[in-house]
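>>> here is my input, please return the structure:
(2 chains)
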There are 2 protein chains.
Amino acid sequence: MNVVPPTSASLIAALAGVLPNGGVLTEDEDLARYSRDWSGDHVGRPLAVARPSSVEEMSALMRHCHAQRIPVVPQGGLTGLVGAAVAADFGEVVISLERMNRIRSISPIDFAMVVEAGCILEDAKRAAEQSDCLLPITFGAQGSCRIGGNVATNAGGFNVLRYGMTRDLVLGLEVVLADGRIWNGLKVLRKDNRGYDLKQIFIGSEGTLGIVTAAALKLFPKPTQTETALVGLRSVEDAMALYARARRDCSDLLTAFELILRGGIEIAMREGADFPDPLTRAYPVYVLIEISAGGLIDLSAMLLGFLDRVTDLVEDGIVASTRAQAERLWLYREIMVERQGRGGRYLRTDVSVPISKLADFVAGALAALERSCPEALAVTYGHVGDGNIHLNVVPPESMAPAAVERLFEQAEAEIFAVVDRYGGSISAEHGIGRVKQKAFLERIDPVTLDIAAGIKQAFDPRHILSNGRILATRADHGL
Amino acid sequence: MNVVPPTSASLIAALAGVLPNGGVLTEDEDLARYSRDWSGDHVGRPLAVARPSSVEEMSALMRHCHAQRIPVVPQGGLTGLVGAAVAADFGEVVISLERMNRIRSISPIDFAMVVEAGCILEDAKRAAEQSDCLLPITFGAQGSCRIGGNVATNAGGFNVLRYGMTRDLVLGLEVVLADGRIWNGLKVLRKDNRGYDLKQIFIGSEGTLGIVTAAALKLFPKPTQTETALVGLRSVEDAMALYARARRDCSDLLTAFELILRGGIEIAMREGADFPDPLTRAYPVYVLIEISAGGLIDLSAMLLGFLDRVTDLVEDGIVASTRAQAERLWLYREIMVERQGRGGRYLRTDVSVPISKLADFVAGALAALERSCPEALAVTYGHVGDGNIHLNVVPPESMAPAAVERLFEQAEAEIFAVVDRYGGSISAEHGIGRVKQKAFLERIDPVTLDIAAGIKQAFDPRHILSNGRILATRADHGL
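Numbers count the residues shown, from 1 in each chain, chains lettered A, B, ... in the order given. A predicted model of the protein is given here:
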């Protein structure tokens, strides 16, 4: 980095001068919760934690860090899965967004809200609901993750097939640049073709190009009806055929189409009597279908009518007749995700392939794992309407830590090789961060790398922002 | 530009060496149709027209132009409205995409197609339909405009409220960079969070950052039902209230929600007996509503049910009961656009404001025009579901050309001042090009301008690509 770090004491005194009123934390017991992410897989003690409470404070902080070449890493709810938001071992100041958590405005007529980056997703969703609107970003971590992190990682989740990724929901951003200048791109316009759409550059850049401090987000009418079904199928091929027909017959009103292989259902069933085998017999493949709509559709008739038309694909299924039944069906999905690792570590993957290749991908990847890592348990599920599969690998309980590491490396290489074969992505929604950086850089072509490096250089010439996430560190470049 | 242009003859010989087989045109009669845009408002004779027929030829062409610092302007169907694609008066080579017009692939299972930049939008739409899919980009110029231009300008149109802008429909791009390198970002993945999403930078950049040579586009199930209605309303406020209720009651199945003020209807009525006053009496405001869906919805019942619920807003309306009737309703909209200028020049604007401000904007802008330009005719219509209004100004037929110029300048300043008051955009869908550059640069804040200039510098350091569109020319910068 070519950075001569100031002594810790003077660094901290200077930061505290920029952010008085408890804005800077330095004690070990205070730092603990900023040093470990949600998965527990990634830890890193920051030099200090800076907690600006306004965009002006963020601007002053970054002006100081830029002048002093202090490396920083913005941090939201720490629910990311690629180790991007914990401090790196070369010493970083964590910038927590937690004090910038206001909902600045909400307008059901504009179908838009303006939220600060530190606002917890669930709080923003609740505020939208109180205005009879829907903020559609939905996934397991929504009670902890923060809007800024959703934007910085272009978060996906269950509802992407209907409402898009976070990128598709962003109308405007407020960003503090590496040198502390404030870029005010906050607006609630639905259409705006005035020159380059600069917000797009920051979305999904994982904190490496600027610090998102607020976002204007699209809202939607809150659905007044939701129908949920769990169906059993013979194969992933049949699931994909079902998806194409569901899109057509249900007028793109699908809000979820989640694939779960039998192994995942069995993980949930191990919870006990509350989770019986959900259908009359076991099926190799299950799909959890959710459809949502507003007032003037008979949505229940639509779902039943659809299921009547696909009896060539769907042998058995259960349609929830109450909200409680629907929640119970979703619980199979949630319990499976929670329990898949048996409380220990497991390899997460998050890959995507063209929808037409998804069945081949699953078959190919599972066969490769079976050959090379027969002792491991593969858990396969995903948002298959988006071609997105989480194919996770759980080691045997007795395996020694070093062997587990080797297993993860080998399994990941096997899975990624099949992804490559089908022109897929090794990171559909989780991002690159540090965990996937090596695999990313091994696959990136020189033109793409050169463009990306040019953008990094233009936005953060001193490489102080989330250095070493996505792209290699300056030091790795020999700078 | 600090460019020492080679003599025309040697320039042309060198280009012809790069693109043999008739790839370079230089004769006046050949150049004519590349020298004037669709509106007829903008003309510019190029030094030559280069017509590469493959990405490799485009790459070789740009390598040559980069090495020789030859300014170029990529050109699609010439249907843009901001003068971006005709040659500038400092001398440019037009690069026509017309020979790169193949549909490379189409997959109804992936709901995706890969199309070369020179493919005419309507041809791409037809190919999608043959696969029982919908490519939703829809507007008047679709029989002439080309996909590359749609991408480069982030084209909007009628269906944005349901399917988004062109940006939202792009899954991947192939781009030839200013220096001739090929960036291959073509892919049909629905989700991909591998590092920076570079395609976003090229979309909407109006040819200033790279030349789009092919695009992977999202497709949708082709609707099997469409319902169309024209309703009469008391005010723009009521139209906006109707829109919010339509989104909710019709489950976001709206594919168009077009506002037309009475003056626009009267323009169509002047066509004669085929265009009678469409409702039982005249209304100040009309909305053309279109709803589309797939198989399992009673869409006609939905529309009628909706209209029954909004009798407090809708006093009178007509629902098309046949496809021919629906087309006739749309004809009022089309004829109005075609005839508004009475065959002469008129001022086009294309502005957007937050939806909640739209009624105030229309009232404010019309009042300002009435005060300052009482002799002009204002024609107001737009895609109001997106907050996007085309407020055009037609001069009196007898007005002298110099007076017309002054009228346009004054009227635009009045309209833009009201846009500014409501935090709106002076270009919702048409872009900046050269026509709106002055107004754009007057309003841009220094941070935004600095970021945009940094991006231009990173992608096109010699400023050979569409120089002087969006941003000022290098010469204007004193470079």
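>>> could you check the pLDDT of the closest residue in space to A:Asp298 that isn't next to it in sequence?
The shortest distance from A:Asp298 to any non-neighbouring residue, by C-beta to C-beta, 6 or more residues apart in numbering or on different chains, is to B:Asp298 (8.0 Å). C-beta: built from backbone N, CA, C; applies to glycine. We have a pLDDT of 93 for B:Asp298.
>>> and A:Val4, by the same measure?
pLDDT recorded at A:Val4 is 44.
>>> cool, and A:Glu370?
What the model reports as pLDDT for A:Glu370 is 96.
>>> and the next element down the chain from the host helix or strand of it?
For A:Glu370, the element it lies in under DSSP states H and E is helix A:358-372. Next helix or strand after helix A:358-372 toward the C-terminus (DSSP H and E): strand A:377-383.
>>> centre of the chain to that following strand, how far?
16 Å (C-alpha atoms, centre = their mean, to the nearest Å).
>>> ok, residues contacting that strand?
A:156-158, A:160-161, A:256-261, A:263-264, A:267, A:333, A:336-337, A:340, A:346, A:362, A:365-366, A:369, A:388-396, B:191 (C-beta atoms under 8 Å, 6 or more residues apart in numbering or on different chains).
>>> excluding chain neighbours, what is closest to the most centrally placed residue in chain A?
With distances taken as C-alpha atoms, centre = their mean, A:Ala155 lies nearest the centre of chain A, 3.9 Å away. Nearest non-adjacent residue to A:Ala155, counting by C-beta to C-beta, 6+ apart: A:Thr166, 4.6 Å away.
>>> now swap in A:Met399 and tell me
A:Leu407 (6.9 Å).
>>> the stretch 201-350 of chain A: helices as residue ranges?
Applying DSSP state H, counting those that start in this stretch to the stretch 201-350 of chain A gives helices spanning A:236-249, A:262-269, A:299-309, A:323-339.
>>> including distance to A:Glu29 and mean neighbour count, could those go into a markdown table?
Output for the helices of the stretch 201-350 of chain A, formatted as a markdown table (distance: least, C-beta to C-beta, whole Å; neighbours: other C-beta atoms under 10 Å in any protein chain shown):
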| stretch | distance to A:Glu29 | mean neighbour count |
| --- | --- | --- |
| helix A:236-249 | 49 | 21 |
| helix A:262-269 | 36 | 20 |
| helix A:299-309 | 52 | 17 |
| helix A:323-339 | 28 | 16 |
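>>> any chance of these in JSON lines, with distance to B:Asn467 too?
Output for the helices of the stretch 201-350 of chain A, formatted as JSON lines (distance: least, C-beta to C-beta, whole Å):
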{"stretch": "helix A:236-249", "distance to B:Asn467": "44"}
{"stretch": "helix A:262-269", "distance to B:Asn467": "56"}
{"stretch": "helix A:299-309", "distance to B:Asn467": "54"}
{"stretch": "helix A:323-339", "distance to B:Asn467": "53"}
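>>> nearest to B:Ala215, of the ones you listed?
Smallest distance to B:Ala215 across the helices of the stretch 201-350 of chain A (C-beta to C-beta): 21.6 Å, for helix A:236-249.
>>> contacts for the closest one next, please.
Here helix A:236-249 makes contact (C-beta under 8 Å, 6+ apart) with A:231, A:233, A:254, A:257, A:259, A:285, A:287, A:289, A:302, A:305-306, A:309-310, A:313-314, A:355-356, A:358-359, A:362-363, A:384-385, B:108-109, B:111, B:220-221, B:294-296.
>>> and those residues, which are buried?
A:231, A:233, A:254, A:257, A:259, A:285, A:287, A:289, A:302, A:306, A:310, A:313-314, A:355-356, A:358-359, A:362, A:384-385, B:108, B:111, B:220-221, B:294-296 (16 or more other C-beta atoms under 10 Å in any protein chain shown).
>>> any idea of the angle the lengthiest helix in chain A forms with strand A:377-383?
Using DSSP state H to define each element, chain A has its longest helix at helix A:401-421. With axes from the mean of the first three to the mean of the last three C-alpha atoms, to 10 degrees as the basis, helix A:401-421 and strand A:377-383 are set at 40 degrees to each other.
>>> chain center to helix A:401-421: distance?
With C-alpha atoms, centre = their mean, you get 21 Å for helix A:401-421.
>>> isn't A:Pro396 up against A:Pro374?
No: assessed by C-beta atoms under 8 Å, A:Pro396 is found out of contact with A:Pro374, at 10.3 Å.
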